[in-house]
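# Sequence and predicted structure are below.
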Amino acid sequence: MSSMLHSGLVSVTFRKLSVPEIIDLCVQSKLEGIEWGGDIHVPAGDMQHAKETNRLTLENGLKVAAYGSYYRLGTQAAPFESVLETAQALGAPTIRVWAGIMDSQDASEAYWENVIREGQQIADMAAAAGISISYEFHPQTLTNTAESTLRLLQMIQRENIYSYWQPAVGADEEANSWSLAKLLPHLGNIHVFHWFPKYERHPLSTGADDWANYLSILRASQTERFLMMEFVENDSIESFVRDARTLHSWLEQ
């Protein structure tokens with residue numbers, strides 16, 4: 001197993017399963033970490049549950065890879081303090097957040113300025129707690145492209161901010177490899193799946209050629225991060241177990 005790239009699961013892949021059931025799945029499939037989602041498994045504000053989830057995760061030999069919050073900048077959402085306190089109770093090293101609610105090319109300069117200002121505020125709050133901020137790389141946010149993501153990170157100007165990465169649905173391997181290489185100096189964790197040509201989920205093994213190139217780029221950076229499975233074919237346990245085996249085989253090469 002690569003010492004720098006760690007296997008994991010995004011817990012929202014199985015929203016219907018409980019925290020103990022998610023942990024059991026990861027142990028059985030020999031994954032190393034879990035990004036706990038804030039919408040179902042570890043709701044913001046429930047500190048006791050967050051602490052208990054941390055305890056169960058660690059006692060089963062797993063790591064808390066991240067707190068997958070659904071906090072969106074620029075929306076006057078619930079106070080970030082609650083998200084941050086929950087991440088602390090969970091023992092999460094980073095908090096995944098969303099950079100607004102629209103694509104970068106559709107946003108006004110005023111909208112950009114608002115998101116940047118709030119991004120600076122939450123980064124400073126997180127830094128005081130020893131936690132980083134990781135932006136979701138996703139459509140309908142200001143981080144919908146590699147260029148816009150870099151612009152946002154550079155404008156926020158904080159040392160504890162990173163970008164996640166995942167293959168852009170509908171883009172080919174060349175375009176995805178370009179965006180990954182572009183973001184590499186600022187990269188946090190990776191969400192792993194194979195959807196093609198659009199939002200059709202396929203076995204991870206069918207994306208082996210594409211992911212071989214992505215992993216080559218990631219290994220070149222010699223940076224420690226989690227590669228976390230997110231959503232599987234038919235939302236089935238069988239698909240998850242199969243894809244976990246595939247991910248292990250890639251990381252062992």
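All right, it came through fine.
# average model confidence for the strand ranked longest in the chain?
Identified as the longest strand of the chain according to DSSP state E is strand 63-72. The predicted model gives strand 63-72 an average pLDDT of 97.
# just checking, what packs against it?
strand 5-10, strand 33-37, helix 47-59, helix 80-90, strand 94-98, strand 187-192, strand 225-229 (3 or more Cβ pairs under 8 Å, 6 or more residues apart in numbering; DSSP states H and E). Quick note: C-beta positions are derived from backbone N, CA and C, even for glycine.
# want to throw those into a markdown table with distance to residue 166 and mean neighbour count?
Shown next, in a markdown table, are these (distance: least, Cβ to Cβ, whole Å; neighbours: other Cβ atoms under 10 Å):
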| stretch | distance to residue 166 | mean neighbour count |
| --- | --- | --- |
| strand 5-10 | 10 | 24 |
| strand 33-37 | 12 | 26 |
| helix 47-59 | 23 | 16 |
| helix 80-90 | 21 | 21 |
| strand 94-98 | 11 | 25 |
| strand 187-192 | 4 | 24 |
| strand 225-229 | 10 | 24 |
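# Need the contact partners of stretch 222-241.
With contacts defined as Cβ atoms under 8 Å, 6 or more residues apart in numbering, stretch 222-241 is touched by 3-10, 12-14, 25, 28-29, 31-35, 65-66, 166, 187-193, 201-204, 218, 243-244, 247, 251.
# now with 6 Å?
For stretch 222-241, contacts defined as Cβ atoms under 6 Å, 6 or more residues apart in numbering pick out 4-6, 8-10, 13, 29, 33, 35, 65, 189-193, 201, 243.
# now the end-to-end length of stretch 135-152.
End-to-end span of stretch 135-152 (Cα to Cα, to the nearest Å): 10 Å.
# May I see the buried residues of that stretch?
Residues of stretch 135-152 classed as buried: 135-138, 141-146, 148-152 (neighbour count, 16 or more other Cβ atoms under 10 Å).
# Filter those down to the ones in strands?
Per DSSP E, the subset of those in strands is residue 135.
# Out of the buried residues of stretch 135-152, which sit inside helices?
Counting by DSSP state H, the part of the buried residues of stretch 135-152 found in helices is 146, 148, 149, 150, 151, 152.
# which one of the residues you listed sits closest to residue 174?
Set against residue 174, the nearest of these by Cβ to Cβ is residue 146 (13.1 Å).
# how close does that closest one sit to residue 95?
Distance, residue 146 to residue 95, using Cβ to Cβ, to the nearest Å: 21 Å.
# now swap in residue 5 and tell me
From residue 5 across to residue 95, the span is 21 Å (Cβ to Cβ).
# Please confirm that residue 133 is located within a strand.
Yes - secondary structure of residue 133 (DSSP: H, G, I helix; E, B strand; the rest coil): part of a strand.
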